[in-house]
Each structure stands twice: as structure tokens, then as C-alpha cells.
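Trainee: Build the 3D model from these lines:
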Amino acid sequence: IDVLIEGARADRISHLLFAYSPIKQPLYEDEYNPKCPKDLIPLCTVNFLDEARPEIIESVRIFKDENISIKLFTEGDPTNTLILAEKLGIIESSAENDVVALANEIVQLPQEELQKNVLEKTVFAQLNSSQMEKIIQALQNQGEHVAVFGTATNDLPIMQSANLSITRKESSPTVLDRAD
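Mentor: Numbering: from 1, shown residues only. Below you'll find the model as predicted:
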């Protein structure tokens with residue numbers, strides 16, 4: 001699995017590994033913390049090529065020309081998000097320390113530092129919904145207008161917090177109802 005992960009980073013390919021356990025095992029350590037079952041048997045992988053479509057690159061360029069900041073939220077590791085941000089022209093280089101803020105860092109910041117951090121950083125990683133809402137609120141407290149692109153029901157809390165909620169027409173009816 002480690003080889004797959006390193007290959008994905010190098011090739012900009014996402015791999016989804018399907019596996020099963022012949023015995024029933026708990027999927028959570030407690031109510032909120034998932035854990036990976038032991039002794040999984042791999043079944044197959046599905047590979048996704050991460051590509052930046054030209055119309056998205058052009059939209060990002062227009063936003064930058066208009067001095068509109070783009071912030072990226074991810075629940076996971078920032079690696080793939082940094083690669084995508086660089087491909088789209090959102091960041092110039094993937095110097096992680098300059099552009100990334102991790103959830104465990106953000107929750108420890110006093111309000112004044114948080115306000116500064118949310119303006120300076122571009123990628124916010126390993127976040128849950130309430131942490132995303134906190135970042136949105138910190139931006140709004142500084143007079144920023146926040147638009148959020150959400151596509152799934154787990155995006156509803158941040159869509160509710162934003163000044164403008166955007167989604168795709170293929171999104172679920174609940175998400176479509178929330179979007180502006």
C-alpha cells in the first residue's frame with residue numbers, strides 16, 4: 001500500500017483500494033474516530049488521473065486577476081490538494097509551510113492569530129466541518145465575503161455558513177436546495 005501511495009504522489013494518480021475482512025470488525029475506535037480493520041484482503045484498485053480542466057484553470061486566472069482569494073479545504077492529507085492547487089495556478093509552488101494550515105494547528109491558535117492565519121494560508125487540511133465553519137467565520141469577521149463550493153450532504157454546514165453557496169446540477173436534492 002505504501003508503494004501505491006508514493007506512486008500516486010509522483011504520478012498525480014489517485015488510487016482507491018478495495019479490500020475486505022472475512023471476519024466482522026469495528027470500523028470506529030469511538031463515535032467519531034474511524035480505524036482501519038486489521039488483516040484486510042485486497043480485492044482491487046481503481047485509479048483516477050487527477051487533471052486540471054482548461055476551463056477551471058481559466059476561471060482561477062480570472063479570480064486571481066480580480067484579486068479574489070481562493071482557499072481550499074480538505075478533510076484529508078494536503079498532498080493531493082497542493083498538487084491540484086499548483087496545477088490550477090492557485091499557488092506558485094508547493095512549499096507546504098507557506099500555504100498549508102493543519103487542523104491541529106488551527107484549533108490551538110488564539111483568535112488574533114487565527115484571523116491572520118486564514119488570510120495568509122491557502123490550503124486548510126485535516127479539517128472537520130466545525131473547523132471549516134470556524135475558518136469561514138474568521139474570514140467573514142474580517143469583512144471577507146465567502147463563497148463555498150459544496151457537492152455532498154457533508155458540505156451542508158459550511159454551505160450554510162458561507163455568504164454564497166455553489167454546487168453542481170448533479171448534486172443531491174438536499175444540496176441543490178441549500179445552494180444559491
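
Trainee: Just say helix, strand or coil for the residue nearest to Thr153 when sequence neighbours are not counted.
Mentor: Nearest residue to Thr153, sequence neighbours excluded (C-beta to C-beta, 6 or more residues apart in numbering): Thr174, at 5.6 Å. For the C-beta atoms, the positions are set from N, CA and C on the backbone; glycine is no exception. When classified by DSSP: H, G, I helix; E, B strand; the rest coil, Thr174 comes out as helix.

Trainee: Distance check, Thr174 against Ile90.
Mentor: Distance check for Thr174 against Ile90: by C-beta to C-beta, to the nearest Å, it reads 28 Å.

Trainee: ok, these two, which is more surrounded?
Mentor: Taking neighbours as other C-beta atoms under 10 Å, Thr174 and Ile90 compare with Ile90 leading, 22 against 11.

Trainee: Could you double-check that that one lies in contact with Leu72?
Mentor: Yes - assessed by C-beta atoms under 8 Å, Ile90 is found in contact with Leu72 at 7.0 Å.

Trainee: could you pull out the strands for the protein?
Mentor: 13-20, 41-49, 72-73, 100-102, 123-125, 147-149, 164-166 (DSSP state E).

Trainee: Would you tell me which one of those is buried the most?
Mentor: strand 123-125 (a mean of 24; mean count of other C-beta atoms under 10 Å).

Trainee: Show me what that one pairs with in its sheet, parallel or antiparallel.
Mentor: According to DSSP bridges, strand 123-125 has the following sheet partners: strand 72-73 (parallel), strand 100-102 (parallel).

Trainee: Can I get the ones you listed in CSV including mean pLDDT and distance to Leu40?
Mentor: Below are the strands paired with strand 123-125 laid out as CSV (pLDDT from 0 to 100; distance: least, C-beta to C-beta, whole Å):
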stretch, mean pLDDT, distance to Leu40
strand 72-73, 92, 29
strand 100-102, 91, 27
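
Trainee: for those strands, which one sits closest to Asn128?
Mentor: Proximity to Asn128 (C-beta to C-beta) singles out strand 72-73 among these, at 10.2 Å.

Trainee: need the contact list for the most centrally placed residue in the chain.
Mentor: Most central in the chain under C-alpha atoms, centre = their mean is Thr74, positioned 1.8 Å from the mean C-alpha point. By C-beta atoms under 8 Å, 6 or more residues apart in numbering, Thr74 lies in contact with 80-81, 123-127.
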